[in-house]
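Visitor: would you be able to build a 3D model of this:
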Amino acid sequence: MYFKIGGIVGAIAILLSSGGAIAEDAQRYITVGHDKLGNSVALDTKTIKGTTYKLYGMYGDGIFETTFDASCSESRLFLNRIAIYGSEGQLIQEDKEKGEIPFVANSSPGKGMKIVCQKIGALGW
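Guide: Down below sits the predicted model:
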C-alpha cells in the first residue's frame, strides 16, 4: 500500500497498515488492539510522559491520535484529546474535550494504560 504522507504521520500510517516497521519503529510503537477494519491501534512509547500516553490508528488516508491520562491507583482513565491528521500530515480536526471514560482492560486504551502503569511501577499492575 502506498501513502503520500510526510514525516511521522507517514511512518505511523505505514506501520499501522502493513504491520511492518524498521526495528526502531517496532520498539517505539506497540500494537494494543485493532479497529473495526482490522487496522492496528498502536501505543507510542516515546511520547509517554508519566501516566499520559498516545494511541494512533488509521483514519481514512490519514491517522488519528488520541491522548489519555491514566490514574493507575484508581483504575480510572481520562480522554484528553483526539486529533485527526490528513495524508499530508496536516491537522484536519481536533477535539480537546476532556473527561473520564470507562476503563475496559481488553480495549486499546485499557491495554495502553496497563503498559503505562507497569512502566511507572504502579502497584497492582
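Visitor: part of a helix, is residue 116?
Guide: Yes. Checked against DSSP: H, G, I helix; E, B strand; the rest coil, residue 116 lies within a helix.
Visitor: my guess is it contacts residue 67, does it?
Guide: No. Look at residue 116 against residue 67 with Cβ atoms under 8 Å: they stay out of range, at 11.9 Å. Bear in mind the C-beta positions are built from the backbone N, C-alpha and C, glycine included.
Visitor: now the common contact residues for the two.
Guide: residue 53 (Cβ atoms under 8 Å, 6 or more residues apart in numbering).
Visitor: and these two? Which one has more around it.
Guide: residue 116 (23 against 18; other Cβ atoms under 10 Å).
Visitor: how close does the nearest residue to that one once chain neighbours are set aside sit to residue 37?
Guide: Spatial nearest neighbour of residue 116, chain neighbours left out: residue 53 (5.0 Å); criterion: Cβ to Cβ, 6 or more residues apart in numbering. Residue 53 is 23 Å from residue 37, where distance means Cβ to Cβ, to the nearest Å.
Visitor: of the two, which one has the most company?
Guide: Shown here are residue 53 and residue 37; by other Cβ under 10 Å, residue 53 has more neighbours (24 against 7).
Visitor: buried stuff in the one helix or strand that one maps to?
Guide: In the assignment (DSSP states H and E), residue 53 maps to strand 52-59. Buried residues in strand 52-59, counting neighbours by 16 or more other Cβ atoms under 10 Å, are found at 53-59.
Visitor: list the beta-bridge partners for the residue minimising distance to the centre of the chain.
Guide: Centroid check for the chain by Cα atoms, centre = their mean gives residue 55 as the closest residue, at 0.7 Å. Counting by DSSP bridges, residue 55 is bridged to residue 43, residue 66.
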